[in-house]
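*Asks:* Any chance you could fold what I've pasted below:
(chains A, B and C, ligands or ions: 7)
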Amino acid sequence: MIYKVITKKEFKKFVNGLINSNETFGPRQVNTAKDGKPIYQFKEVHSFDEMELDYTLSYSSLKNFFLPFREVLSRYNFTDDNWEQEIEYRVNPRVIVGVRACDINALCKLDDIFVNGSFPSPYYIARRNNTFLIGMDHLPMDDCFCMSMGELVVRQGFNLFCTDLGDRYYLSINSSKAFNFLRNVKTTDPTDKDDRQWLERRNLIKRSFNTTVDTSSLPNLLDIEFDSPIWEKWGDKCLNCGTCAMVCPTCYCYGIEESIDVSLKSSRRERFQHSCTVVDFAEVAGGHNFRPSKEARLKYRYYHHYHGFAENADEQICVGCNRCGRNCLAGINPKDVIDDLLMEKTDEV
Amino acid sequence: MKYLGIDPQKIKIGVFNFTCCEGCALALANKEETLVDFLDLLDVVTFREISSDRGEDYDIALVEGSISRDDEIERIKKIRAQAKVLVALGTCACYGGVNNLKNQFKIEEVVEIAYGKDKVETSKVRPLSDVVKVDLEIPGCPVSKAEVEKIVVDIVNQSEINFPEYPVCVECRRNMNTCVFDLGMICLGPITQAGCDAVCPNGGVGCLGCRGPAEDANYESFREILEENGFTMQEALERINFYNALPGMVIDES
Amino acid sequence: MKYKLPKEDINLKPFMSKPPRYNWKDVIMRTDKTYKCEIINIIELTPMEKLFHLKILDPVERDIFSFRPGQFLMLEVPGFGEVPISISSSSNNKEYIALCIRKAGRVTDILHKAKKGAKVGIRGPFGTSFPMEEMIGHNILLIAGGLGLAPLRAPLYWISEHRDEYEDVSLLYGTKDPPSMLFTYEYAEWEKVNHIDLLTIVDQGDDGWTGRTGLITELFKEMTIDPDNTFAIVCGPPIMFKFVCNYLDSIRLPMNRMFVSLERRMHCGMGKCCRCMVGSTFTCVDGPVFDYWSVMNLKEAI
Ligand SMILES: Cc1cc2nc3c(=O)[nH]c(=O)nc-3n(C[C@H](O)[C@H](O)[C@H](O)COP(=O)(O)OP(=O)(O)OC[C@H]3O[C@@H](n4cnc5c(N)ncnc54)[C@H](O)[C@@H]3O)c2cc1C
Ligand code: SF4
Ligand code: SF4
Ligand code: SF4
Ligand code: SF4
Ligand code: SF4
Ligand code: FES
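*Replies:* Residues are numbered from 1 along each chain as shown, chains lettered A, B, ... in the order given. Ligands and ions are numbered 1, 2, ... in the order given. Okay, the predicted model is just below:
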């Protein structure tokens, strides 16, 4: 990694350069919540000033740029008594500015599955390799717990990461593309003062966390407490609405639907993001459901996130953004559920 | 499909209206890009919205509207006898729909408000399935043309038809909408069956539950959520009663 | 332009012009590309089950496609959907692939209406297989319930082709009634030519039935199993293999010599869609064939 420092003014020039030459997305306010707080999403931007880089966190995660909620995987074109399959991968390069650490680390988790796992996905790779990511640090919200998940620090998976030093950014440059683009603007090598300030900023961020979740023992505990009554307690609240998985940056499971066009001349094979909390997730032909209860379904989401799956190097996949908790109408959130699970255990001892 | 050795078969349909706004039948005639192809799949025997032909040899009867008069009962029974497949089209046909508003008042009052002093024969509003056997229910107010297209294509291809079992929220979140609860409004999405692509929340308003209940809908938890969000049961019931398609939410308070 | 991102057009990469090799798990390939097949023969086994013979049309793809007994493939019916189906033919058969399919839903229903000459697609093979080599020199117990006989045909062919390498081989087969029995026309050959002891049983007999009635575990009463020298392969509904495996466990057949094939919903076959997870494993990648020890250690497996 190469480190540089850039003034905010130069940075703006730099980003505007990118915006003018490429399709670019950045955080923008889309709504105001009833409590007066702004709601942000990543939207296309046409100039630096359209972005709100001081945003908290985007409402929905960034994963739709890599795993769209719905995506045509292939098409079949029908001729008289035959068909041909047509597959194409998206390639339009694009820039995303202002990505938070948890979201970058979430992408690294998805990389493990879709790039480094068995059967790498060309759909994902095409999008990932054509996306230029500029990360940016921020002070956590009250309920963020990425530090507990060890996902506060970014190591890879981005092109450029900016640490805010007030009037300038401390840049971590992680790709030759970024390095080359930066030649167009004025950057300096970090001075001793910059380094100190960088460390201060990191410490400030760390001190600002108000939520900690202890997930270290969960891989075992989730097995041990598989039949714990706490699942019923939380499962009873669950609406099976899938919201948690849709907004989560690392939930990736899906379903496939095929449909024939009205002309009967072609058909689409489409992928839809799904969720294990949704009722038909594990239902098979004939109506048998391998997870028939709300409790079993909700538990599974926790199992996947905090136990980890073999395909995913048995790694926990939650990055602690708490989007799932914030957006769950029923108030189901990792902090409370996991605390409950830990309490259960402590009470029994 | 031909490649399977199965010839797609045009379906002979009749479209019939009962008590309703006829919006569902109209919805069938929209979506211009695909209308020609869509009509190509159909052999329309009776369909007031697009042609004046009146035939009797339909196989599939698409019936919109609910039953609210005695003569309608006779008519639907006749249609049932002729049709190989009877499809209830739209919320009115499936659940009674908007017409249910009528059920909340005394019949005599309704008659008087609606028709003044002239007596009109009208009875309680009922979904088709209260009167005849219904083979397929396509809910929605109005029905989603995209969904109807899909179903018609499946029938033409002799394929089984699948409906989503999950609630509107799934589609709503896939569309990356801001949840209308966050904006301070009520939405029945979490307990309503998806399939409409969440059109109402897409437009920034809460779902009214026109598509009926989602599989395994969690009414109890939803009631608590309404309360926590500062809504009274009365406010919620007003929404639910609009279509009356979510009977599970209405509990007997006594 | 100074700030223009270069395009990385993955559509131009060499893998795009090559057929995918589903036996190579970690290389980039067109993961959704199907091998086009023609249905060259359809045999109606029962009103609910048909046997389809599929011939891969492209000679290169036909050459690439090789599988081991116990593996499955994803069968694509364009426009209708894709379903996982066990391969029910010999891994030596380069002419065609046999699939025994029960009418159960949207995709399987339309397949049952398809005619000879129809074109479908396949992806695969996927998943783990039975330990055919490890079983050499041992007795083999094949136990099937209902449609569970379909995946057992592949190991049956293998055993027949290498019959002298194995000791006693028995096939225990149970169905709910006589008409549901599959592949009855092959039983004589299995017994006489391949020297496989075949024991059948039905839950409920009918007028013409002279064989055994009862649960499949009844068949164990008629045989002696040498737990030190036997491998067992069990395929069938979960409730059945639970009973069968419990019995085998009670006579001390080591759990790592009992194999079962699990069924879950599947939408990819590649460890991506998560629909097939059992505990922390994927049925499509780490299964469908598991030894019973692994099954016991998986949450929610049975
Ligand atoms: C490893 C494996 C091997 C199998 N081998 C055979 C076989 O040899 N013969 C046979 O008849 N059946 C087999 N099945 C079951 C078969 O896959 C289902 O009957 C089939 O998927 C039903 O699809 P459908 O579209 O007809 O039903 P629908 O209910 O309409 O299913 C819709 C979708 O759900 C999924 N699905 C539904 N049921 C199952 C299921 N039981 N397993 C996996 N996915 C499912 C499929 O993706 C399907 O496209 C096997 C299943 C697995 C997992
Ligand atoms: S946990 Fe919450 S967001 Fe997730 S499905 Fe249940 S109710 Fe919906
Ligand atoms: S936790 Fe559930 S919703 Fe999330 S990726 Fe895993 S299976 Fe899907
Ligand atoms: S599980 Fe929740 S907290 Fe963890 S990454 Fe997903 S949305 Fe964020
Ligand atoms: S707006 Fe309605 S449908 Fe959308 S997520 Fe919120 S509750 Fe669900
Ligand atoms: S969002 Fe609700 S009310 Fe609106 S169309 Fe869909 S189901 Fe009907
Ligand atoms: S079938 Fe998709 S993960 Fe196993």
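
*Asks:* and residue B:89, what does it touch?
*Replies:* Under the criterion of CB atoms under 8 Å, 6 or more residues apart in numbering or on different chains, the contact partners of residue B:89 comprise B:15, B:24-25, B:62-64, B:138, B:143, B:148. C-betas here are computed from N, CA, C, even on glycine.

*Asks:* again with residue B:197
*Replies:* Taking CB under 8 Å, 6+ apart as the definition of contact, the neighbours of residue B:197 are B:144, B:146, B:171, B:175.

*Asks:* ok, it to ligand 1 distance?
*Replies:* From residue B:197 over to ligand 1 the distance is 20 Å, taken as CB to the nearest ligand atom, to the nearest Å.

*Asks:* again, but for residue A:330
*Replies:* With the distance defined as CB to the nearest ligand atom, residue A:330 ends up 27 Å from ligand 1.

*Asks:* For the closest residue to ligand 5 within chain B, which residues are in contact?
*Replies:* Per CB to the nearest ligand atom, residue B:189 is where chain B lies closest to ligand 5, at 2.3 Å. Shown here is residue B:189, whose contacts under the criterion CB under 8 Å, 6+ apart are A:241, B:167-169, B:172, B:198, B:200-201, B:206-207.

*Asks:* which two in these are spaced the farthest apart?
*Replies:* Longest distance between any two of those is 15.3 Å, between A:241 and B:200; criterion CB to CB.

*Asks:* which of those two has more neighbours?
*Replies:* When neighbours are counted by other CB atoms under 10 Å in any protein chain shown, residue A:241 and residue B:200 differ, and residue A:241 comes out ahead with 31 against 21.

*Asks:* Just the pLDDT for the more buried one.
*Replies:* Confidence per residue is given as pLDDT, and for residue A:241 that number is 95.

*Asks:* Show the pLDDT at the residue nearest to it when sequence neighbours are not counted.
*Replies:* Once its chain neighbours are removed from consideration, residue A:241 has its nearest residue in residue B:169; the separation is 3.7 Å (CB to CB, 6 or more residues apart in numbering or on different chains). Residue-level confidence at residue B:169 comes out at 97, pLDDT.

*Asks:* what comes into contact with whatever helix or strand residue B:169 lives in?
*Replies:* Secondary-structure element containing residue B:169, defined by DSSP states H and E: helix B:168-174. For helix B:168-174, contacts defined as CB under 8 Å, 6+ apart pick out A:60, A:69-70, A:239, A:241-243, A:246-247, A:272-273, A:275, A:278, B:164, B:179, B:188-190, B:192-198, B:201-202, B:207, B:211, B:214.

*Asks:* anything in stretch A:252-262 near chain B?
*Replies:* Yes: legend: contact between stretch A:252-262 and chain B by CB under 8 Å from any CB of the partner chain is shown at A:259-262.

*Asks:* scratch that, stretch A:287-295
*Replies:* Yes: for stretch A:287-295, a contact with chain B is found by CB under 8 Å from any CB, at residue A:294.

*Asks:* Identify each buried residue in that stretch, please.
*Replies:* Of all the residues in stretch A:287-295, those buried under the rule 16 or more other CB atoms under 10 Å in any protein chain shown are A:289-291, A:294-295.

*Asks:* could you give the mean pLDDT of that stretch?
*Replies:* 90.

*Asks:* same question, stretch B:23-31
*Replies:* Per-region confidence: stretch B:23-31 scores 82 on mean pLDDT.

*Asks:* Alpha carbons of it, as CSV, please.
*Replies:* Below are the C-alpha coordinates for stretch B:23-31, written out as CSV (Å, rounded to 0.1, in the frame of the first residue of the first chain):
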residue,chain,number,x,y,z
GLY,B,23,-60.4,-1.8,-13.7
CYS,B,24,-59.0,-5.3,-13.8
ALA,B,25,-60.4,-6.0,-17.3
LEU,B,26,-59.1,-2.6,-18.3
ALA,B,27,-55.7,-3.5,-16.9
LEU,B,28,-55.6,-6.5,-19.2
ALA,B,29,-55.8,-4.2,-22.1
ASN,B,30,-52.9,-2.0,-21.1
LYS,B,31,-49.1,-2.5,-21.3
